[in-house]
Structure formats: C-alpha cells, structure tokens
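Asks: the sequence isn't on hand, but the structure is:
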C-alpha cells in the first residue's frame with residue numbers, strides 16, 4: 001500500500017499556531033493548491049462545485065498519540081474521537097470553498113492547511129451525500145469545550161517545524 005502526492009498547498013499559514021482549527025473558522029483565508037501536471041486532467045468538471053474535500057498528509061504532525069487534548073477542549077480523548085493530526089496515519093480532510101481553477105491551480109477559500117502540505121486527493125463536496133443531521137456529537141457537547149477557540153497552537157507540531 002502506498003499513497004501518491006498529487007499536489008501541494010500554498011497558504012498564508014507557516015506554523016500551526018494561529019492556523020484555523022477547521023474551515024468553518026477560516027473566514028477570510030485564501031490560498032491555492034498546486035496540482036502536479038500529471039494529474040491536471042483529473043480536474044475536468046471540478047470547477048462546477050462550490051466546495052471540495054481536500055485529503056492531505058499532516059507532514060509536520062508529532063508522532064502518533066492515542067490520547068490527545070484537542071484544540072477546542074481541555075481534557076484528553078481518544079485520537080479517533082478527534083480531528084487531531086497526531087494519528088497513526090496523519091491524514092487530514094478539509095471541506096474548502098473552490099473559487100476558481102486556472103492552469104492546474106485551485107484557488108480556494110476557508111482553508112485550514114499549513115503552507116507546503118502535501119495533497120493526496122480531491123473530491124467534490126455534495127450536500128446530499130456529505131451533510132447529515134446528527135443528534136449526538138460526543139464530547140463536543142461537553143462543558144469543557146471551548147467553542148470560542150478558532151485557531152490552533154503548536155501542540156501537535158514536530159519539534160523544529
């Protein structure tokens with residue numbers, strides 16, 4: 001099993017500290033995704049979508065931890081009950097707004113990726129498939145959740161990154 005990097009993110013964020021913790025916290029942020037030339041043909045018809053899913057490799061995350069204190073909470077949770085990047089397979093996902101596509105570049109808004117993040121895949125966001133009402137949201141309903149926190153710190157960054 002192996003993964004192929006199809007592109008790279010170019011963003012205003014060079015470290016986790018100050019980066020939005022999710023796209024919904026990233027109003028006003030813009031950047032672009034450079035898709036490598038061998039994969040440009042795969043962008044056909046993507047420009048008809050308002051939002052896209054980016055799947056990426058959290059290449060600057062610390063070693064995997066099975067229990068983490070996520071950015072918006074103060075108590076530890078199992079990593080699989082969070083979106084923390086320090087995972088056995090540090091794959092991230094973000095639903096970002098697609099502004100336009102030009103010459104193999106996806107201009108995007110509401111992004112929460114670090115500059116230089118390797119892009120693994122892109123999929124269209126389809127509200128009929130991707131938006132479900134939910135009655136339970138686990139620990140995010142708890143009293144320890146800091147609903148005002150919208151940016152990260154460096155707790156999941158490799159030392160020296």
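Replies: Perfect, thanks for sending it. Bear in mind that the values here come from a model prediction, so they are computed numbers and not experimental data. Numbers count the residues shown, from 1 in each chain.
Asks: could you list the low-pLDDT ranges of this structure?
Replies: 21, 24-25, 147, 150, 160-161 (pLDDT under 70).
Asks: separation between the residue positioned nearest the centre of it and residue 85?
Replies: The residue lying closest to the centre of the chain (CA atoms, centre = their mean) is residue 94, at 3.7 Å. Computed as CB to CB, to the nearest Å, the residue 94 to residue 85 distance reads 12 Å. (Each C-beta comes from the backbone N, C-alpha and C, glycine too.)
Asks: ranges for the strands of this structure?
Replies: Ranges of strands in the chain, per DSSP state E, are 7-10, 30-35, 51-57, 67-68, 77-78, 91-102, 105-109, 118-124.
Asks: helices or strands up against the first one?
Replies: Meaning strand 7-10. strand 30-35, strand 118-124 (3 or more CB pairs under 8 Å, 6 or more residues apart in numbering; DSSP states H and E).
Asks: again, but for the fourth one
Replies: Packing partners of strand 67-68 (3+ CB pairs under 8 Å, 6+ apart): strand 77-78.
Asks: give me the contact list for the strand it packs on.
Replies: Contact with strand 77-78 is made by 66, 67, 68, 69, 70, 139, as judged by CB atoms under 8 Å, 6 or more residues apart in numbering.
Asks: and for stretch 19-37?
Replies: Counting by CB under 8 Å, 6+ apart, stretch 19-37 makes contact with 5-13, 42-43, 54, 71-72, 83, 94-97, 99, 104-115, 119, 122, 149-152, all of which sit outside it.
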